[in-house]
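Student: Give the three-dimensional model of this entry:
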Amino acid sequence: AMTLLLTTRGIPQVFYGTEILMGNEGSNDHGIIRSDFPGGWPSDSDKNAFTGKGLNSDERWAQQRIKALLKLRQTYPQLFQGKLKHYAPVDGVYTYFRTADSTDKNSEKIMVALSKESVDLSSTSYTEMLKEGQTLTRVSDGKTFEATDTISLPAMSASVFIVK
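Tutor: Next up is the predicted model:
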């Protein structure tokens, strides 16, 4: 959900604690969600989201993922003010592209694939946006693909690619 929110137009609203998966599991009490953010006070000795102390692996992953998406959004204004080209979901995969206006100096396209199922994504459905000779670099791990490659997407995943 955060990938979709942070790679589409507009001003995203993110509640504090989202970046470390704060929630109210097992309760309908929204006061739990609004509990103090961990870190910054002497009494926060067990967990500190500012330094990473005491965060479990899921919390660290979420924090790093949101930081990376926000940095990407800062670097590529087409994510919040560019043009959107999206495709109807096929085989549980919703794919969209964000492109810069022709006057922008940063002309790379951004491709986002939200996958419900584990699937091999073929570029043949996206020939309008992906041309032979272009490369796609996955933001999460830096792996590069040719525009004609098939890309394996895990189930319940969100993948962001820079297209050059």
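Student: Quick one: list the elements packing against the lengthiest helix in the chain.
Tutor: In the chain, assigned by DSSP state H, the helix with the most residues is helix 57-75. If you count contacts as 3 or more Cβ pairs under 8 Å, 6 or more residues apart in numbering; DSSP states H and E, helix 57-75 packs onto helix 2-6, helix 78-81. In short, each C-beta sits where N, CA and C put it, glycine included.
Student: can you redo these as JSON lines with mean neighbour count and distance to residue 65?
Tutor: Formatted as JSON lines, the helices and strands packed on helix 57-75 follow (neighbours: other Cβ atoms under 10 Å; distance: least, Cβ to Cβ, whole Å):
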{"stretch": "helix 2-6", "mean neighbour count": "17", "distance to residue 65": "7"}
{"stretch": "helix 78-81", "mean neighbour count": "18", "distance to residue 65": "15"}
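Student: so which of those comes closest to residue 89?
Tutor: Smallest distance to residue 89 across the helices and strands packed on helix 57-75 (Cβ to Cβ): 12.7 Å, for helix 2-6.
Student: and residue 49, what does it touch?
Tutor: Residue 49 is in contact with 19, 20, 37, 38, 39, 55, 59, 63, counting by Cβ atoms under 8 Å, 6 or more residues apart in numbering.
Student: Sort out for me which of those residues are in helices.
Tutor: Residues of those located in helices (DSSP H): 59, 63.
Student: Adding distance to residue 135, pLDDT and neighbour count as columns, could you present the contacts of residue 49 in JSON lines?
Tutor: Shown next, in JSON lines, are these (distance: Cβ to Cβ, whole Å; pLDDT from 0 to 100; neighbours: other Cβ atoms under 10 Å):
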{"residue": "19", "distance to residue 135": "30", "pLDDT": "79", "neighbour count": "19"}
{"residue": "20", "distance to residue 135": "34", "pLDDT": "78", "neighbour count": "21"}
{"residue": "37", "distance to residue 135": "40", "pLDDT": "79", "neighbour count": "17"}
{"residue": "38", "distance to residue 135": "41", "pLDDT": "80", "neighbour count": "21"}
{"residue": "39", "distance to residue 135": "39", "pLDDT": "86", "neighbour count": "16"}
{"residue": "55", "distance to residue 135": "34", "pLDDT": "88", "neighbour count": "19"}
{"residue": "59", "distance to residue 135": "33", "pLDDT": "89", "neighbour count": "18"}
{"residue": "63", "distance to residue 135": "29", "pLDDT": "89", "neighbour count": "17"}
